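>>> only the shape, not the letters, is given here:
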Ligand SMILES: [Ca+2]
Ligand SMILES: [Ca+2]
Ligand SMILES: [Ca+2]
C-alpha cells in the first residue's frame, strides 16, 4: 500500500511543469519547494503548513476556478491516475477529496510518524 501511494506520484508538494506553463510556477525543485512550504522555517512541514500548501496546489491546478479538478487540471497536480482521488466517482476531484488524498500521502511519507515531514522524508518520497 505504501508503494502504491508513493510510487510514481509521490507527494503533491510540488506542482508539475504543466503548472509552470500557466505562467505562475510553483517551485519544482524539492528543496526550494520544501522551504516555501515550511512557513515557520523549523525544518519540518507540519499538518498546517502542508494543508496550506495543498490549497495552493489545488488553486493553481483549478484553471477554470470551479472548485473541482478534472482532466488536465488533475494532471497539473502531478497525478498520473486521474481517478485516484475521486472517491465519489463523479469524474472530478473536489477540494475535500484532494486534501483527503494528500494527507494519505503525508502519512505514507511521514515514515517516523512524528506528524511532520522532514526534508529527508520528502526526498525519500521522491526517491531522491
Ligand atoms: Ca514548519
Ligand atoms: Ca476546475
Ligand atoms: Ca516525520
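Everything's here; your move. What you are looking at is a predicted structure, and each value in this text was computed from that prediction instead of being measured. Ligands and ions are numbered 1, 2, ... in the order given.
>>> by mean pLDDT, which helix or strand of the protein comes out lowest?
Least confident helix or strand, the chain: helix 2-6 with a mean of 37, by mean pLDDT, DSSP states H and E.
>>> so for stretch 51-67, what gets flagged as buried?
Buried residues in stretch 51-67, counted by 16 or more other C-beta atoms under 10 Å: 53, 54, 57, 58, 60, 61, 62, 63. For glycine as for every other residue, the C-beta is placed from the backbone atoms N, C-alpha and C.
>>> and the gap between the residue of the chain most remote from its centre and residue 52?
Most distant residue from the mean C-alpha position of the chain: residue 90, 20.9 Å away (C-alpha atoms, centre = their mean). Using C-beta to C-beta, to the nearest Å, one obtains 26 Å as the distance from residue 90 to residue 52.
>>> same deal with residue 97?
In this view, residue 97 and residue 52 are 18 Å apart by C-beta to C-beta.
>>> next: residue 44.
Distance, residue 44 to residue 52, by C-beta to C-beta: 14 Å.
>>> where does the protein have low pLDDT?
Low-confidence segments of the chain (pLDDT under 70): 1-28, 128.
>>> any chance you could map the helices in it?
For the chain, the helices defined by DSSP state H cover 2-6, 17-20, 30-37, 47-61, 71-76, 95-109, 119-125.
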